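Enquirer: Just to be clear, the model below is a prediction. Sequence and coordinates:
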Amino acid sequence: MSWVVAVASSCVSVSPNWPAHRAGAVLTIDLAAIAANYRLLDARTPGALCAAVVKSDAYGLGAAQVAPVLEQAGARHFFVAHVDEGLALRQWVSPSVQITVLHGARPEAAEDCVQSGLRPVLNSLEQVSQLQALADKLGRPLDAALQLDTGMSRFGLSGADVRTLVHEPERLRGISLSLIMSHLACADTPENPANAEQLQTLQTYAALLPKAPLSLAASSGIFLGQAFHQSLVRPGAALYGIAPNTSGPNPLAPVLKLQAHILQIRQLSKGDRVGYGLTWQADGPRRVATIATGYADGFARQGAGKGCAWFGGQRLPILGRISMDSMTVDISHIPEGLITADDTVDLLNASYGVDAVAEAEGTIGYEVLTSLGRRYHRVYEKTEQNI
Ligand SMILES: *Cc1c(COP(=O)(O)O)cnc(C)c1O
């Protein structure tokens, strides 16, 4: 992977530095927009702490670059999925920043986890007793978050487990619970009654347990209203510009621009066919461009026939199947000479983001974002005064 950091208008190149023209496409990540999105979410949740979720390498955008910017924007609490991700994140944020590991630690990794100051989420009674054993071994109380399953049947203690803890409170001896959390299954559909039910269940269970701050909302949950904010909110996707729900305009700033190089421009005649399987056939003369991005770069084959690239505000439909390293787009309506093999076309920009690509591919923006390829030339943009 190659990347450079651009600060304001001056470009600071960081090794390994591949010039942009050696890669198939240039992915520009606007760190100032990520900071602005953090501040917007923080401002929307005045009674709560606003954490930042940077699992899966900050949803593929690069936790090493993204996390320090989020810390500068005010984030003091970070969430990752795995212990390894937490250990890596430790190098990129201040020691005082709290890092919580959503999956908790397997027994073999628990000591690494707590000795590095990572807070595990306890998702089962087994994880509770494993942490207690470690606290006994280390001779000190250990900080942890406790997750409760309020309906998703994915992670966390069940209602029966909560009753076990109520009847056997000594199971929590040596563990200092600094957060009780759960996760919403339907937060992107605000009208869904499951949202209020999950909130109610969380409050009912939490009332039976030692008192600790509560957390329920991720990105979409923030937009369900203040009742869902509790003590701490955990946005990930919204930081990176993904729309929290499908109703109304997206309040978050776009973060990405992806410009793919044109490899070839070809003139087609009526009857000529394009791509693997020869699935698309010209019904008349067409001009097409083969561009240097394919499914290995995160543009799924399902986007064939529905997805597009953009050039100067013009839509360029994808023709035929998407290949591993390339795809073919229709440039017939761009006047000849206006577009050449020296140009790039946009696969992502401020008006056509990962949510739009996801719609064409029949998936969600999260999947498009976390699938974006590792071989793009990456440019991190930050306008210092905005951070
Ligand atoms: C991934 C995750 C988040 C962040 O979710 P977004 O929808 O990306 O904001 C928050 N909490 C938990 C438990 C998660 O797994």
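Expert: Alright, I've got the coordinates.
Enquirer: ok, A227 touching Q200?
Expert: No - contact criterion Cβ atoms under 8 Å: A227 and Q200 do not qualify, at 10.0 Å. In short, each C-beta sits where N, CA and C put it, glycine included.
Enquirer: Quick check: phi and psi at S323.
Expert: For S323, the backbone dihedrals are phi -90, psi 180 (criterion: degrees, to the nearest 10).
Enquirer: per-residue pLDDT, it?
Expert: You'll see S323 listed with a pLDDT of 98.
Enquirer: Please name the residues that touch the nearest residue to it once chain neighbours are set aside.
Expert: Closest residue to S323 apart from its sequence neighbours, by Cβ to Cβ, 6 or more residues apart in numbering: G294 at 4.8 Å. By Cβ atoms under 8 Å, 6 or more residues apart in numbering, the contact set of G294 is I322, S323, M324, D325, S326, M327.
Enquirer: in what helix or strand does the first one lie?
Expert: Using DSSP states H and E, I322 falls within no helix or strand.
Enquirer: Now for the closest residue to the ligand within the stretch 251-387 of the chain, how many residues are close by?
Expert: Of all residues in the stretch 251-387 of the chain, Y366 sits closest to the ligand, at 6.5 Å by Cβ to the nearest ligand atom. Y366: 19 surrounding residues under other Cβ atoms under 10 Å.
Enquirer: Shouldn't it be within a helix?
Expert: Yes - residue state for Y366 (DSSP: H, G, I helix; E, B strand; the rest coil) corresponds to a helix.
Enquirer: I'd guessed it sits against I242; true?
Expert: Yes - assessed by Cβ under 8 Å, Y366 is found in contact with I242 at 6.5 Å.
Enquirer: nearest spatial neighbour of R315, skipping sequence neighbours?
Expert: C308 (4.9 Å).
Enquirer: what does V166 give?
Expert: Spatial nearest neighbour of V166, excluding adjacent residues (Cβ to Cβ, 6+ apart): L208 at 5.0 Å.
Enquirer: Please apply the same query to T293.
Expert: Spatially, and ignoring its direct neighbours in sequence, T293 is nearest to A260 (4.3 Å; Cβ to Cβ, 6+ apart).
Enquirer: Could you pull up the mean pLDDT of the one helix or strand that neighbour maps to?
Expert: In this structure, A260 sits in strand 256-268 according to DSSP H and E. The pLDDT scores in strand 256-268 average 98.
Enquirer: List of residues touching the next helix or strand along the chain from that strand?
Expert: Sequence order places strand 273-274 as the next helix or strand after strand 256-268, per DSSP H and E. With Cβ under 8 Å, 6+ apart as the test, strand 273-274 has contacts from L268, T279, W280, Q281, A282, V288, L319, G320, T328.
Enquirer: now do stretch 117-134
Expert: Stretch 117-134 has contacts (Cβ under 8 Å, 6+ apart) with 83, 86-87, 90, 95, 98-105, 107, 110-111, 113-114, 142-147, 155-157, 161, 164-165, 171-175, 178-179, 181.
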